[in-house]
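Enquirer: Model the structure of this input:
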Amino acid sequence: MSLLLANEREQIVTFGRKLLEQGLTRGTSGNLSIFNRRERLMAISPSGLDYLLTSAEDVVVTDLEGRIVDGARNPSSERALHTIIYQNRDDLSAVVHTHSSFSTVLSCLGWELPAIHYMIALSGPTVRCAEYATFGSQQLAVNALAAMRDRNAVLLANHGLLTAGCNLASAFHITTEIEFCAEIYWRCRSVGQPVLLDQAEMSLMKEKFRTYGQIISDTEI
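Expert: Have a look, this model is predicted:
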């Protein structure tokens, strides 16, 4: 018998390992998911399992009400962060949540990430910081969704970073670039006041990114 959402589950295993390899998370922190809109099902990383030990069978399939459809593991404790996005954003089908160092530093300061670098335009003109709420809570999901309006990334106060994209490769790319920009901003603020790009330039960058690079389909990942 073939594995339900086999392709999505394999992607989560692959990109979970990439999170560790690129220093975007540590231990078992963070989580990833993909929403299959045709099946109306979500594949999400399991709770508290080492990414290097996770197999496709360990990835859990749920519906958007949180009911487990397939898988013997418990789904991520942060699944509400994922389902609320799929329920409210038709343009997004994959979510990555990390505790990457520099994004988390900004989140602990309660700072928004401003337009310090044009790569921020991948997610919006800025990256807002959502109000604090306890991890795994519905309130955290509500706060994240509100701060992510018209954006593809959000800082979670005293917690970490959440990004989303049309597929997992896109969400992961946004994660790496926002973490890079968070580091640049922190380093600039350590020695002075950075010069920011204006709204017109960020709008131009957003348009340029619509046709920049290669489109990667889920079957190519």
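Enquirer: where do the helices sit along the protein?
Expert: 6-21, 79-88, 101-109, 138-147, 168-191, 199-209 (DSSP state H).
Enquirer: And those helices: which comes nearest Val59?
Expert: For Val59, the closest of the helices of the chain is helix 6-21, at 3.9 Å, according to C-beta to C-beta. Yep, even glycine has a C-beta here, placed from its N, CA and C like the rest.
Enquirer: Columns mean neighbour count and mean pLDDT on top of the helices of the chain, output as TSV?
Expert: What follows is the helices of the chain, written out as TSV (neighbours: other C-beta atoms under 10 Å; pLDDT from 0 to 100):
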stretch	mean neighbour count	mean pLDDT
helix 6-21	19	97
helix 79-88	21	98
helix 101-109	20	98
helix 138-147	18	98
helix 168-191	20	97
helix 199-209	13	93
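Enquirer: Surely Ile12 and Ser33 touch.
Expert: Yes - Ile12 is within contact range of Ser33, at 7.2 Å (criterion: C-beta atoms under 8 Å).
Enquirer: Can you check which residues contact both of the two?
Expert: Residues touching both Ile12 and Ser33 (C-beta atoms under 8 Å, 6 or more residues apart in numbering) are Ala43, Ile44, Ser45.
Enquirer: re earlier: so which of the helices of the chain gets nearest Asp58?
Expert: Of all the helices of the chain, helix 6-21 comes closest under C-beta to C-beta, at 8.0 Å.
Enquirer: Which neighbouring elements make contact with that closest one?
Expert: strand 31-36, strand 41-44, strand 94-98, helix 168-191 (3 or more C-beta pairs under 8 Å, 6 or more residues apart in numbering; DSSP states H and E).
Enquirer: TSV for those, including distance to Thr134?
Expert: Output for the helices and strands packed on helix 6-21, formatted as TSV (distance: least, C-beta to C-beta, whole Å):
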stretch	distance to Thr134
strand 31-36	16
strand 41-44	19
strand 94-98	15
helix 168-191	23
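Enquirer: What distance do you get for Thr83 to Gln193?
Expert: Distance, Thr83 to Gln193, using C-beta to C-beta, to the nearest Å: 40 Å.
Enquirer: Oops, could you answer that again for Ala147 instead?
Expert: Taken as C-beta to C-beta, the span from Ala147 to Gln193 is 24 Å.
Enquirer: just Ile184 next, same as before
Expert: 14 Å.
Enquirer: ok, Arg37 - how many residues close by?
Expert: 9 (other C-beta atoms under 10 Å).
Enquirer: Just give the closest residue to it, not the sequence neighbours.
Expert: Take Arg37 and drop its neighbours on the chain: the residue closest to it by C-beta to C-beta, 6 or more residues apart in numbering is Ser93, 6.3 Å away.
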